[in-house]
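[1] Take this sequence and fold it.
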Amino acid sequence: MEDLNAKLQEKVKDDYMTYIAELMTKGKEELIRLCEEISAVRKIYKALKYDVLMENHQLEYLLRFKHPLMVLKDQCLITENDLSYALETLISDICDKKDIEQDYPMEDDLTEPKQEGVRMC
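    Have a look, this model is predicted:
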């Protein structure tokens, strides 16, 4: 798996360097127009480098693309533009996991009751 991860990291790094080189040839107005895309590419690049762990089948699939960073960028921008889909996914994850309650103030009368073991009559 380490070998696959290293291969993907190298491919993504090459994509990123090529992307940055292309940006350096653009004018100010074009760069401003591309700010959302540039931000997405940078975030994806950093996340892939430091935060995202992938399984072998995911690494293998992404390695099939000539430019995996650009594939992920395009798909990310499509998903981000569909805010309702992103929110549905986020809300579903939050409600399924229920692991953030300690991070935010809760309404006292609306919290789920804690089960205190089994009581016998």
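[2] ok, residues contacting the helix or strand containing residue 46?
    Assigned by DSSP states H and E, residue 46 belongs to helix 35-50. The contact list for helix 35-50 (Cβ atoms under 8 Å, 6 or more residues apart in numbering) reads 8-9, 12, 16, 19, 23, 31, 69, 72-73, 76-77, 80. C-beta: built from backbone N, CA, C; applies to glycine.
[3] Hmm, which of these is lowest in pLDDT?
    pLDDT across the contacts of helix 35-50 is lowest for residue 80, at 64.
[4] can you give me the angle the helix or strand harbouring residue 11 makes with helix 35-50?
    Assessed by DSSP H and E, residue 11 sits inside helix 2-23. Between the axes of helix 2-23 and helix 35-50, defined by axes from the mean of the first three to the mean of the last three Cα atoms, to 10 degrees, the angle is 160 degrees.
[5] can I get the CA coordinates of helix 2-23 in CSV?
    What follows is helix 2-23, C-alpha atoms only, in CSV (Å, rounded to 0.1, in the frame of the first residue of the first chain):
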residue,chain,number,x,y,z
GLU,A,2,2.9,2.4,0.8
ASP,A,3,4.2,2.0,-2.8
LEU,A,4,0.7,2.8,-4.2
ASN,A,5,0.4,5.8,-1.9
ALA,A,6,3.9,7.0,-2.9
LYS,A,7,3.0,6.7,-6.6
LEU,A,8,-0.2,8.7,-6.1
GLN,A,9,1.6,11.3,-4.1
GLU,A,10,4.2,11.7,-6.8
LYS,A,11,1.6,12.0,-9.5
VAL,A,12,-0.5,14.5,-7.5
LYS,A,13,2.7,16.6,-6.8
ASP,A,14,3.5,16.6,-10.5
ASP,A,15,-0.1,17.7,-11.3
TYR,A,16,0.1,20.5,-8.7
MET,A,17,3.4,21.8,-10.0
THR,A,18,2.1,21.8,-13.6
TYR,A,19,-1.1,23.6,-12.4
ILE,A,20,0.9,26.3,-10.6
ALA,A,21,3.2,26.8,-13.6
GLU,A,22,0.1,27.3,-15.8
LEU,A,23,-1.3,29.8,-13.3
